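Student: Could you look at this predicted model? Sequence included:
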Amino acid sequence: MNVRFLIRRFSQAAVLLAAISLFSFALVQVAPGDFFDQVRMNPRVSAQTVEGLRAEYGLDRSFPVRYGLWILSALRGEFGISLAYNAPVGNLLIPRARNTLLLTGTSTVLAWLLAIPIGVWSATNRRKFSRRSSELATSTLLTIPDLLLFLCVLLFAVRSGWFPSGGMHSAENEGHGLSQLKDVAWHLLLPSVALALATLPALVRHVRSAMIEVLESPFILAARSHGIPNFRLLFRFALPVAANPLISLFGFSVATMLSSSLLLEVILSWPGLGPLLVEATLNKDVYVVVGTVMLSAVFLIAGNLLADMLLFAADPRIRVE
Amino acid sequence: MTTSPVPVLEVRNLGKEYVQTQAFSRTRFTVRAFENINLAVRRGETLAIVGESGAGKSSLARCLALLESPSHGEILFEGESALDLPKRELFLMRRKTQLIFQNPTASLNPQFSAVEIIAEPLRIQRIGTSAQQHDRAIEMMELVGLSPDGGSKRPLEFSGGQRQRLVIARALTLEPNLLILDEALSNLDRGNQENILQLLDDLQAAHSLTYLHISHDLPLVSQFADEVAVMRSGRIVEHKATLELFTHPEHSYSRHLLGAMEQSEATWLGQSA
């Protein structure tokens, strides 16, 4: 892999992250009120006490000073202090981010493992009932809003009782090793399927259209005139050529996956970044909000960077200087 | 040039119809690509099929390359029927005929190197070891006038004329008897057309290849065709030796095609014929 390419991409990512931090920090400042509004309503707490608390957490300082202090704390890995938890935001985010990554990672793998064969299959059967049915299924899934889909999944979990309806661990499960792993996998099943279903239709449609375009090329006809077996034609000949837009789409799919995941986590109470973000926003726990936004941005940038690197590895034309 | 009694390719009463369904309706109508085609090409000869676009030439080419099955009629390769073959025999039959397309860039898999492209038919047909396939590909590159040093280059690193040479090399790897050229020269400039024509001519002389050259460009293909068949709206309206057609065109459409040629080209062609 080309080192210069990597350095360029990483420095672009760093600049982007700095800009996002400034922007989200500024947006949070513009929002009216602060964390201590609730405390202020309490007649037994004096105004001086509230001001003292505000000063203690540095909320009375000017915007540039606070941003500067936050940058320093971010460099220490703390990303400010959570007002609600009274702990560094960094420590709060790490387990949450791990859970979100577990969920979105599983769903991404699941969605692509389903989308590629379904897309390829429906690109080849272009006049048949099978194609019509896959088209109907994808457009139905596409029109259902994520919120409704997730609520249906929750309803299904609660009514059927076959699956856990929320959380990541069973209350009674205190086991370690394999039994804990099985417990987490059991809780992961329904959320990851729901998330995969939410992104699946767009992926299937892209795979199909990319494949149809390639399958119309004369070089496919040439390979067929040499008597190539169908499976090899589709997966060894056509799919690698159709892969470029799909690899770029992979980075994009990580982004959609993350934003739907925030919603899903709240509905199915998956202990990821989603519930934390909602709670922090409602409480005006500013540094947690900024930290969560930053972390989502990091995931998004990392997803796109990964897609670019895959593209670089897959397509010889991009490597030509 | 030896003339074997059995033609390399014989086509009897061949026809092809496409059934189309209209959007949002059950109405079906048939589009007739071509009908009543009778042809025979002997070993080492070139038959040109000429006609304007929409005359059904490309559909015919696909049927003859066994990529689509005709609606009725017969296709015989060296006297053997090539239609309704069992899978295994169709697979072997594919070695006998190869198709060359109009757009050389689109005909080459952009992700394969030149050697991989030329060796691919051998790999698909499982002929020889991979070392033998590689050697054969290098040999083919030399045969079509490409430097073997470029073997690891990819199609986009070659020029247009070189790409068409690559396509020809790939088509010849399996040593087919019949080469179907579907507008194979149309995407090239005049100079490259001349070069590729010369190459095809040399290859034909050396390996007694049979060509079926499909084109809209009458002056170009008639330069080296032994016979010309003029096609219009899915039918062959006139079919005779090249010189004969030029001197005594019978059908009004043939005269129209000849009339469309530039006067200078006609004289120049008269000299070469």
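Tutor: Alright, I've got the coordinates. Everything numeric in this text was worked out from a predicted model, so none of it was measured.

Student: got the residues of chain B near chain A?
Tutor: With C-beta under 8 Å from any C-beta of the partner chain as the criterion, chain B comes near chain A at residues B:62, B:65-67, B:90-91, B:94, B:97-99, B:101-103, B:106-111, B:120-121, B:124-125, B:154, B:156-157, B:167, B:170, B:174. For the C-beta atoms, the positions are set from N, CA and C on the backbone; glycine is no exception.

Student: and if we set it to 7 Å?
Tutor: B:65, B:67, B:91, B:94, B:98-99, B:101, B:103, B:106-111, B:120-121, B:124-125, B:154, B:156 (C-beta under 7 Å from any C-beta of the partner chain).

Student: Among those residues, which ones are in strands?
Tutor: If you go by DSSP state E, the residues of chain B next to chain A have B:Q98, B:L99 in strands.

Student: Regarding the residue nearest the centre of chain A, what is its secondary structure?
Tutor: Nearest to the mean C-alpha position of chain A, counting by C-alpha atoms, centre = their mean, stands A:L258 at 1.8 Å. Classification of A:L258 using DSSP: H, G, I helix; E, B strand; the rest coil returns helix.

Student: Let me see the confidence value for it.
Tutor: On pLDDT, A:L258 comes in at 85.

Student: Now do the same contact list for it.
Tutor: Shown in contact with A:L258 (C-beta atoms under 7 Å, 6 or more residues apart in numbering or on different chains): A:T104, A:S296, A:F299, A:L300.

Student: is it true that the third one lies in a helix?
Tutor: Yes - following the definition three-state DSSP, A:F299 is counted among the residues of a helix.

Student: how much space is there between the closest residue to it other than its chain neighbours and A:P240?
Tutor: Spatial nearest neighbour of A:F299, excluding adjacent residues (C-beta to C-beta, 6 or more residues apart in numbering or on different chains): A:L258 at 5.6 Å. To A:P240, A:L258 is 28 Å away according to C-beta to C-beta, to the nearest Å.

Student: for the chain, longest helix please?
Tutor: As the question left the chain open, I've gone with chain A. helix A:178-215 (DSSP state H).

Student: wait, I meant chain B there
Tutor: helix B:190-207.

Student: Where does pLDDT dip in the stretch 201-321 of chain A?
Tutor: A:316-321 (pLDDT under 70).

Student: can you give me the strands for the stretch 1-150 of chain B?
Tutor: Applying DSSP state E, counting those that start in this stretch to the stretch 1-150 of chain B gives strands spanning B:9-21, B:28-41, B:46-50, B:72-77, B:80-81, B:97-100.

Student: most packed of these?
Tutor: strand B:97-100 (a mean of 26; mean count of other C-beta atoms under 10 Å in any protein chain shown).

Student: Residue 216 - how many residues pack around it?
Tutor: All of this refers to chain A. 10 (other C-beta atoms under 10 Å in any protein chain shown).

Student: my bad, the chain I had in mind was chain B
Tutor: B:H216: 17 neighbours (other C-beta under 10 Å).

Student: Just give the closest residue to it, not the sequence neighbours.
Tutor: Nearest to B:H216 is B:E52, by C-beta to C-beta, 6+ apart, at 5.6 Å.
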